[in-house]
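Chemist: Okay, here's the prediction I keep looking at, along with the sequence it came from:
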Amino acid sequence: MFRNRKALLFGLLLFYLYFRGTGSHGLIDPLEGINASIALHMSAGGNRFIPRIGEAFAAGRSMGTWWLEALALKIFGWSEFAVRFFSALSGLIMIWASAIASRDSRSISTRASWLSASICAGMTICFTVSQLVSPHAIYACLMSLTMTGIIRYLEARENKRRLFLAHFCSTLCFIAYGFEGLLLTWLAVIAYSVLADDMRMLKDLFTWPGGMIFTVIISGLYFLLLMLINTDIIQFMHCRIHTYTFGGILGMCIFAFMSFMPFHGFIIRSVYEVIPKKYPADKSPEVFMLVWAVIFGLSAILSGDMLALSCCAVPLSSILGRRLDEWLDQRKLYAVIISVMINIMLIVPVVFMILPFMMNKFPVIKISMLSLIPWGMATGLFLFASWYYTKTRQIEKWVRNVPGAALLCLLPLAGVFSLTAGEYSLRDIGLKLRDSVQGDDRVIQYGVNYPSVYFYSLRNSGIIDAELMPGVAEKKYITDEEELNRIWNAKDRVFMILPVERSANKSLPKNIFSILESNGMLLISNQKNENK
């Protein structure tokens, strides 16, 4: 009874942390704006196999993700909460998968599961992807379940039916994200089989009829539908190698470092113990987790899709949870001490050196300082608690309290998204458009190109004096001021969104009526009254 109550309280806490801000702030363009607008178009009756933002075709391969977001819009209504719902839910499932993957079925102790779940929940990357309208949280969730299914099989090889979870989730990931769902899973299994000289696992995965029949039929039917309805999507499923500049490499390193805050030292120490020291390696679930994390981490870096590092959160947190459980059982105090020392030596320089650099390079970070300062204080509390309990050799209290301190970091971290959206989101203007636009009214963006305009207004928008959004083709473009004046002076009512500093531009049309100013943006119209 006590254990169930503890699990319920922990689940409610995570539910609050992960769902608290999903509907409280606007969409952050262009990432959230593009995905939410595609889902809204599908939800509003658009073709389910041809992603569009209004009349503009959108390039992408995340069909399953958009279907889920469109389903959420049908269930929860037209809101930001709806399109973020499955991302937040995926974050919670990742935490659950980490707990399941780290538990040794031969042991009655659940301490490793509790540790892994707390560590995974407190990782920055896991929380970040769960707060965004993007395919990454769903991708990481399905890959985590795939890995969990394989690990369950490794602990009871006679029960091949446990591999069905791996086949099922990797096939769904193919639909939700692309070929990586299948190819990287198979690559991880092949790499582990070679490293551990465990060809039985490879044979069971690829020759078990139940799993392979499901994978071949479902993925084949999906691929056939794409071939018949929208062949353009298939070309986006090819793997591409991203080319980095020096600044890109530096940014990638910083992002990768921040992704696994605040557990770097512990991860490094636990991974060091798991790295095979001989060939063949031990047939251990931890070795498979390590292979999984390396392959998916390299894939994220090589493809330039750093949010895909979220696929590494579950295996790394599961490895760390298992190692911590073993250190406590065997009283390996020195392992905890070394982990704490590495953690302090890595994180403290970030606070005093890298964070100021990022503030100068990315102005958006300065906007979020009201949340970053409390986040830094919570991280400092985590470091201090780690040092204090290790110094006083109270490792049991470390286990009980320090992972909880990491969860405290999520409270202010959620504010970063809210402050960023509060500065850059078009939510207020978008909702005003939703209430005001009627009939044949037109919407124009001047000097900006925000995909979220379609999500808020369900209207196509022409753009002038702004770059086209990558991946969104055939968006109506107003070529010059002469055409703009012709549209503006026609009988139809026109709404225009533009930066406030552009409002004094001499090239703007005459007869301008201001409707709303919000977050440095201005909504104007060519007619004074809202009703025609």
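Modeler: Sure, I can see it.
Chemist: ok but Gln445 is inside a strand, no?
Modeler: Yes - remark: Gln445 belongs to a strand, assigned using DSSP: H, G, I helix; E, B strand; the rest coil.
Chemist: what residue lies at the spatial centre of the chain?
Modeler: With distances taken as CA atoms, centre = their mean, the residue of the chain nearest its centroid is Val129 (2.2 Å).
Chemist: Model confidence score at it, please.
Modeler: On the pLDDT scale, Val129 is placed at 94.
Chemist: what's the helix or strand for it?
Modeler: In the assignment (DSSP states H and E), Val129 maps to helix 124-130.
Chemist: any idea how far the residue nearest to Ala421 when sequence neighbours are not counted lies from Phe255?
Modeler: Counting by CB to CB, 6 or more residues apart in numbering, His25 is the residue found nearest to Ala421 once chain neighbours are left out, at 3.8 Å. (Each C-beta comes from the backbone N, C-alpha and C, glycine too.) Separation of His25 from Phe255 (CB to CB, to the nearest Å): 22 Å.
Chemist: hey, where'd the helices end up in the stretch 351-500 of the chain?
Modeler: Using DSSP state H, counting those that start in this stretch, the helices found in the stretch 351-500 of the chain span residues 355-361, 363-367, 369-391, 395-408, 410-424, 427-436, 452-457, 481-488.
Chemist: if we can go back for a sec, what is the subsequent helix or strand relative to the helix holding Val129?
Modeler: The helix or strand immediately downstream of helix 124-130 is helix 136-155, counting by DSSP H and E.
Chemist: report the angle between the axes of the next helix or strand after that next one and helix 136-155?
Modeler: Beyond helix 136-155 in the direction of the C-terminus, DSSP H and E gives the next helix or strand as helix 163-176. Interaxial angle, helix 163-176 versus helix 136-155 (axes from the mean of the first three to the mean of the last three CA atoms, to 10 degrees): 160 degrees.
Chemist: Now find how far off-centre helix 163-176 is within its chain.
Modeler: Using CA atoms, centre = their mean, to the nearest Å, the mean C-alpha position of helix 163-176 is found 19 Å from that of the whole chain.
Chemist: Buried ones in it, by neighbour count?
Modeler: By neighbour count on 16 or more other CB atoms under 10 Å, the buried set for helix 163-176 is 163-176.
Chemist: what helices or strands is the helix or strand following that helix leaning on?
Modeler: As assigned by DSSP H and E, the chain's next helix or strand after helix 163-176 is helix 180-195. Where contact means 3 or more CB pairs under 8 Å, 6 or more residues apart in numbering; DSSP states H and E, helix 180-195 is packed against helix 136-155, helix 163-176, helix 199-207, helix 285-303.
Chemist: which stretch among these comes nearest Asp428?
Modeler: With CB to CB as the criterion, Asp428 lies closest to helix 136-155 of these, at 26.5 Å.
Chemist: Can you show me the CA trace of the closest one as PDB?
Modeler: This file holds the C-alpha atoms of helix 136-155, laid out as PDB (Å, rounded to 0.1, in the frame of the first residue of the first chain):
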ATOM      1  CA  HIS A 136      11.000  14.700 -31.000                       C
ATOM      2  CA  ALA A 137       9.200  13.700 -27.800                       C
ATOM      3  CA  ILE A 138       7.000  11.100 -29.500                       C
ATOM      4  CA  TYR A 139      10.100   9.900 -31.400                       C
ATOM      5  CA  ALA A 140      12.100   9.500 -28.100                       C
ATOM      6  CA  CYS A 141       9.100   7.900 -26.300                       C
ATOM      7  CA  LEU A 142       8.600   5.200 -29.000                       C
ATOM      8  CA  MET A 143      12.300   4.500 -29.100                       C
ATOM      9  CA  SER A 144      12.400   4.200 -25.300                       C
ATOM     10  CA  LEU A 145       9.600   1.700 -25.400                       C
ATOM     11  CA  THR A 146      11.400  -0.200 -28.200                       C
ATOM     12  CA  MET A 147      14.600  -0.400 -26.100                       C
ATOM     13  CA  THR A 148      12.600  -1.500 -23.100                       C
ATOM     14  CA  GLY A 149      11.100  -4.300 -25.000                       C
ATOM     15  CA  ILE A 150      14.500  -5.600 -26.100                       C
ATOM     16  CA  ILE A 151      15.800  -5.300 -22.500                       C
ATOM     17  CA  ARG A 152      12.900  -7.300 -21.200                       C
ATOM     18  CA  TYR A 153      13.700  -9.900 -23.800                       C
ATOM     19  CA  LEU A 154      17.400 -10.000 -22.700                       C
ATOM     20  CA  GLU A 155      16.300 -10.900 -19.200                       C
END
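Chemist: and that helix, average pLDDT?
Modeler: For helix 136-155, mean pLDDT is 92.
Chemist: try stretch 113-124
Modeler: Average pLDDT, stretch 113-124: 91.
Chemist: same question, stretch 262-270
Modeler: Mean pLDDT, computed over stretch 262-270, is 91.
Chemist: would TSV of the helices of the stretch 351-500 of the chain with distance to Pro315, mean neighbour count and mean pLDDT be doable?
Modeler: TSV is the format used below for the helices of the stretch 351-500 of the chain (distance: least, CB to CB, whole Å; neighbours: other CB atoms under 10 Å; pLDDT from 0 to 100):
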stretch	distance to Pro315	mean neighbour count	mean pLDDT
helix 355-361	27	13	67
helix 363-367	29	14	69
helix 369-391	22	17	83
helix 395-408	17	18	79
helix 410-424	21	19	82
helix 427-436	36	18	91
helix 452-457	34	28	92
helix 481-488	53	16	83
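Chemist: Count the residues that sit near Leu224.
Modeler: Counted with other CB atoms under 10 Å, the neighbours of Leu224 add up to 10.
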